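can't give you the sequence, but here's the structure:
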RNA sequence: GCGCCCGUAGCUCAGCUGGAUAGAGUAACCGGCUUCGAACCGGUUGGUCGGGAGUUCGAAUCUCUCCGGGCGCGCCA
């Protein structure tokens, strides 16, 4: 139909010519012209049998390909600020990134997984100060906690550790701590100026060394918690890249220098700027502030330069959708450096909007109001959480009903798929109990006996798996895998209810057992990509 | 105000590189267990694909515009 236009003929006539030109094949029973110009191929049964042989032969590797062979990808994901525990919003990026990484490996890419740790900058100062103020409270000081401080309970935990290990060694009177600090918002002041004043006093009173110790106590505790959380969620990393290391290694300076050499930087009002508008950004961006401190953007430039210099063919960043406005300026950096901007692919993951008791929940690390990823995992289990997250297209806004997730976990299609797997395992257990035996490797299996419609449907679905994986990987769309597995499980359950596998006819029995064992294999392979277990019973 | 993302069945979502009567789950109703696990299966009901215009032989899919929702527009990160 596409060609017809170019050839100036109508689609049906062209289709007839094409059909006439197609050579005969044993695998094709007949070819038909249909509708506005479709060509339908009716396959001979033997064509479907190929897939069973392929799955038996390839086993765990069925679905693998070498499309990306020799190509290296760096995938950076989650990278949440280490200022508090991961919440359910981060879980989506974690599940998406982990699944995408596995998918890309499945189609042959070499993938390195990386977490960028923002352990420098103002957020860290606010964290350290928040901890110290809670510590002072534990020392018996009476004080009003700043509006802009981190108010979560985990801050108390860190403060308690600090107090236990150091007693009152870092105590200062509330008067001196709040000396010359501008009023907080509730008192009619500016909350930003208020917290900045407290930070300045903390640094002055504690001295650089102790201040750093307070900060690191918090950073280590929180980052350690994040690592453990992700690990338990089956989300792994090859590298935890520290923002601080950019300064220590000179990479920050190096990144700025490289950008300077392109001639797209300039100085204005005592600051160093990047003329990102040369490359389509909305406005120019500051690299080095008037006070000499580099911006977060400067660090990020250095980080991306570093990534590029490590020799990757492709960089993938997974960010929360709230950072979408940041994409043009990072792309502008690549353009300025003469790199192809397509080399960096930023995947924006939309927020999960949480509902509890039918009401929308607002989450904020700062205010301490959030549902943690850990709570969710403990409530619904890792498998259900992983599957639920990755069932939705990443750029789709997602409604997450916590009550539903907790109370009726059977709503999650993951159980439907796992059940199919467990059911097949159960059939093989039954087989043993009934004193039958089955060897998948026997060479006298006769798949011509698989003549039922349900069996053909199953074989067709199974044969689509490798192509599905390829598409899901290359389009960065892991959600296709979940939907496919649901369809496969549905084909199986339908088959199961319609026919008996363990029959007295050994030939039919063996053929059917071979078929369902390939179904089990594909379910296992697919769930494995999603980071979900394939239980033998449930 | 400008920019990006989203809008498909009562609800939660697929389908979007243009193709045949728009699909699942769930909810509602009907039916199926003496037989390999009923956490299952079959069926019925349910849709102006947000509205409008355009391109095309053909539009949920591409373009424009409007409406509705989310997010972003710092010498914060």
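Looks like it arrived, so ask away. Please read all numbers here as calculations on a predicted model, not as lab measurements.

quick one, domains of chain A?
Listed domain ranges for chain A are A:2-43, A:72-120+A:237-249+A:298-409, A:122-230, A:412-530 (source: automatic domain parsing).

hmm, stretch A:247-262 touching RNA strand B?
No. Stretch A:247-262 lies apart from RNA strand B when judged by C-beta under 7 Å from any atom of the strand; the minimum separation is 12.5 Å. The C-beta positions use only the backbone N, C-alpha and C, and glycine is treated the same way.

again with stretch A:1-9
Yes. Counting by C-beta under 7 Å from any atom of the strand, RNA strand B has neighbours in stretch A:1-9: A:1, A:2, A:4, A:5.

which of the residues you listed are buried?
Among those, those buried by neighbour count (16 or more other C-beta atoms under 10 Å) are residue A:4.

Can you tell me which of the residues of stretch A:1-9 next to RNA strand B is nearest RNA strand B?
The shortest approach to RNA strand B among the residues of stretch A:1-9 next to RNA strand B belongs to residue A:1, at 3.0 Å (C-beta to the nearest atom of the strand).

Just confirm that closest one contacts residue A:34, I think it does.
No. At 11.8 Å, residue A:1 does not count as touching residue A:34 under the criterion of C-beta atoms under 8 Å.

Could I get the pLDDT score of the residue in the stretch 301-450 of chain A that RNA strand B sits nearest to?
When scored by C-beta to the nearest atom of the strand, the stretch 301-450 of chain A has residue A:325 as its residue closest to RNA strand B, at 2.4 Å. We have a pLDDT of 90 for residue A:325.

same question, residue A:485
Residue A:485 is given a pLDDT of 96.

residues touching it, list them.
Contacts for residue A:485 (C-beta atoms under 8 Å, 6 or more residues apart in numbering) come out as A:417, A:523, A:526, A:527, A:530.

What strand or helix carries it?
In this structure, residue A:485 sits in helix A:479-498 according to DSSP states H and E.

ok now that helix, how far from the chain's centre?
How far helix A:479-498 lies from its chain's middle: 24 Å, per C-alpha atoms, centre = their mean, to the nearest Å.

Same check on stretch A:353-373?
20 Å.

which other helices and strands contact the helix or strand harbouring residue A:331?
Assigned by DSSP H and E, residue A:331 belongs to helix A:327-336. With contacts taken as 3 or more C-beta pairs under 8 Å, 6 or more residues apart in numbering; DSSP states H and E, helix A:327-336 sits against strand A:271-274, helix A:296-309, strand A:344-349.

ranges for the strands of chain A?
Secondary structure of chain A, counting by DSSP state E: strands at A:28-34, A:38-43, A:72-76, A:110-117, A:239-242, A:265-268, A:271-274, A:285-288, A:314-320, A:344-349, A:352-356, A:359-361, A:398-401.

Surely residue A:55 is in contact with residue A:49?
No. Using C-beta under 8 Å, residue A:55 is not in contact with residue A:49, being 11.0 Å away.

quick one, which of these two is more surrounded?
residue A:55 (26 against 20; other C-beta atoms under 10 Å).

average pLDDT across the biggest helix by length in chain A?
Determined from DSSP state H, the single longest helix within chain A is helix A:191-232. The average pLDDT within helix A:191-232 is 95.

One more: stretch A:391-406?
Summarised as a single mean, pLDDT over stretch A:391-406 is 80.

Report whether it contacts RNA strand B.
Yes. Applying C-beta under 7 Å from any atom of the strand, one finds stretch A:391-406 in contact with RNA strand B at A:391, A:392, A:393, A:395, A:396, A:397, A:398, A:399, A:401.

Next one, pLDDT for the residue lying closest to the fourth one once chain neighbours are set aside please.
Going back to what we said before, that points to residue A:395. Using C-beta to C-beta, 6 or more residues apart in numbering and skipping residues adjacent in sequence, the residue nearest residue A:395 is residue A:350, 5.8 Å away. On the pLDDT scale, residue A:350 is placed at 85.

Confirm for me that residue A:350 is in contact with residue A:323.
No. Between residue A:350 and residue A:323 there is no contact under C-beta under 8 Å: 11.7 Å.

buried sites along stretch A:201-212?
In stretch A:201-212, counting by 16+ other C-beta under 10 Å, buried: A:201, A:202, A:203, A:205, A:206, A:210, A:211.

re earlier: kindly reformat the helices and strands packed on helix A:327-336 as JSON lines containing mean neighbour count and distance to RNA strand B.
As requested, the helices and strands packed on helix A:327-336 are exported to JSON lines (neighbours: other C-beta atoms under 10 Å; distance: least, C-beta to the nearest atom of the strand, whole Å):
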{"stretch": "strand A:271-274", "mean neighbour count": "20", "distance to RNA strand B": "4"}
{"stretch": "helix A:296-309", "mean neighbour count": "21", "distance to RNA strand B": "3"}
{"stretch": "strand A:344-349", "mean neighbour count": "19", "distance to RNA strand B": "7"}
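
Low-confidence stretches in chain A?
Scanning chain A for pLDDT under 70 picks out the ranges A:8, A:358, A:406-409.

ok, for residue A:86, nearest residue in space, not its chain neighbours?
Excluding the flanking residues, the one nearest residue A:86 by C-beta to C-beta, 6+ apart is residue A:373, at 4.3 Å.

burial count for residue A:115?
24.

who does it bridge with?
residue A:240 (DSSP bridges).

isn't it right next to residue A:242, touching?
No. Residue A:115 lies out of contact with residue A:242 (C-beta under 8 Å); the separation is 9.8 Å.

of all the strands of chain A, which lies closest to residue A:163?
Proximity to residue A:163, assessed across the strands of chain A by C-beta to C-beta, is greatest for strand A:110-117 (25.8 Å).

can you tell if that closest one touches RNA strand B?
No. For a cut-off given as C-beta under 7 Å from any atom of the strand, strand A:110-117 has no contacts with RNA strand B; the smallest distance is 10.0 Å.

for that strand, packing partners?
strand A:72-76, helix A:88-106, strand A:239-242.

Having no further points to raise, I will conclude here.
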